[in-house]
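Novice: 3D, please:
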Amino acid sequence: MNKGKLPEILSFLGKDLHSNINVINFLENYTPSFIKLEGDAAVVKGKSDRDWVYISAKSKTSVKGMMKYITDDDKAFAAIEDTMVPVIAGEKKIKWRLSCVRLIMERNRFTNNPLLDSLKGEDAVFVFENSDYREYLSTGYILDRINHGVSSVIRIGGVPAAWGMTHDDGAIGFLHVLPQYRGKSLGKNVAIDMIQKVIGKKKLPFVHIEEENFRSMNLALSLGFEKDKTVNWFEIE
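Specialist: Sure thing, here's the model as predicted:
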């Protein structure tokens with residue numbers, strides 16, 4: 001990968017921050033293995049927990065034009081809009097797919113400084129074992145995000161009771177409250193603390209939530225996040 005292309009691609013992607021916020025943050029967190037900018041579209045490949053492919057394009061035609069840079073080794077795709085998924089997958093079978101609504105916070109409602117502690121490396125196994133998304137995660141990925149991302153935790157009796165972290169693309173996520181502590185606003189407090197920490201790093205807070213996850217969706221909307229669009233993570237066979 002020609003490192004000289006990185007400023008160029010970031011400048012291109014930054015012209016549409018909302019649409020490209022995932023890949024922009026990914027490029028700031030991980031070293032890309034491949035970058036191609038052509039016309040009004042771009043392909044970025046890089047590795048976090050998987051070897052991911054991001055495609056930024058304005059239309060299906062643009063996506064089709066970039067498919068010549070996709071090889072048989074490219075299996076996992078990140079933050080792909082609904083209309084682009086069938087173009088990328090083609091006749092190939094989709095092994096798994098996670099669809100989420102992206103919500104972005106344009107105006108910060110909170111003025112308090114972050115108050116909560118951050119997760120520690122030794123929390124990685126506990127977080128993984130209590131996650132509802134274990135099929136998409138690994139303890140290694142969680143440890144990487146604890147060490148290099150933003151996190152918040154509320155401990156009760158020295159044990160994590162509620163927590164959140166940022167994903168490899170900077171999205172606030174992993175928000176989880178142990179069942180016995182739900183209904184006590186712990187999740188909301190963690191979310192607010194995460195928002196403040198992300199803003200403190202001069203970044204735009206955003207989240208991904210499955211449409212049917214009404215509890216998380218209502219919490220995000222109440223905090224001031226606004227719906228943007230649906231994006232998908234998927235793997236093809």
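
Novice: any regions of this structure where pLDDT drops low?
Specialist: 1-4 (pLDDT under 70).

Novice: which helix is the longest one in it?
Specialist: Counting by DSSP state H, the longest helix found in the chain is helix 186-200.

Novice: name the residues of it that are buried.
Specialist: For helix 186-200, a neighbour-count test (16 or more other C-beta atoms under 10 Å) marks 186-187, 189-198 as buried. Bear in mind the C-beta positions are built from the backbone N, C-alpha and C, glycine included.

Novice: quick one, domains of this structure?
Specialist: Residue ranges for the domains of the chain, per automatic domain parsing: 5-101, 121-203.

Novice: a markdown table please, covering the ones you listed and showing distance to residue 227.
Specialist: Shown next, in a markdown table, are these (distance: least, C-beta to C-beta, whole Å):
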| stretch | distance to residue 227 |
| --- | --- |
| domain 5-101 | 6 |
| domain 121-203 | 14 |
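
Novice: of all the ones you listed, which one is nearest residue 228?
Specialist: Residue 228 sits nearest to domain 5-101 of all the domains of the chain, at 5.8 Å, using C-beta to C-beta.

Novice: just checking, residue 237 touches residue 93?
Specialist: Yes. Contact criterion C-beta atoms under 8 Å: residue 237 and residue 93 qualify, at 4.7 Å.

Novice: shared neighbours, those two?
Specialist: Shared contacts of residue 237 and residue 93 (C-beta atoms under 8 Å, 6 or more residues apart in numbering): none.

Novice: quick revisit: the domains of the chain: which one's closest to residue 108?
Specialist: Per C-beta to C-beta, nearest to residue 108 of the domains of the chain: domain 121-203, 5.7 Å.

Novice: span of the closest one from start to end?
Specialist: Using C-alpha to C-alpha, to the nearest Å, the end-to-end distance of domain 121-203 comes to 24 Å.

Novice: same deal with stretch 154-171?
Specialist: 20 Å.

Novice: centre of the chain to it, how far?
Specialist: Centroid separation for stretch 154-171 versus its chain: 15 Å, with C-alpha atoms, centre = their mean, to the nearest Å.

Novice: out of the buried residues of helix 186-200, which comes closest to residue 40?
Specialist: Set against residue 40, the nearest of these by C-beta to C-beta is residue 198 (29.0 Å).

Novice: how about the closest one: what's its closest non-neighbour residue?
Specialist: Leaving aside its sequence neighbours, residue 198 sits nearest to residue 205 (C-beta to C-beta, 6 or more residues apart in numbering; 4.7 Å).

Novice: what does the helix or strand harbouring residue 219 contact?
Specialist: Assigned by DSSP states H and E, residue 219 belongs to helix 214-223. Outside helix 214-223, the residues that touch it by C-beta under 8 Å, 6+ apart are 101, 103, 105, 109, 175, 187-188, 191-192, 195, 207, 209-211, 227.
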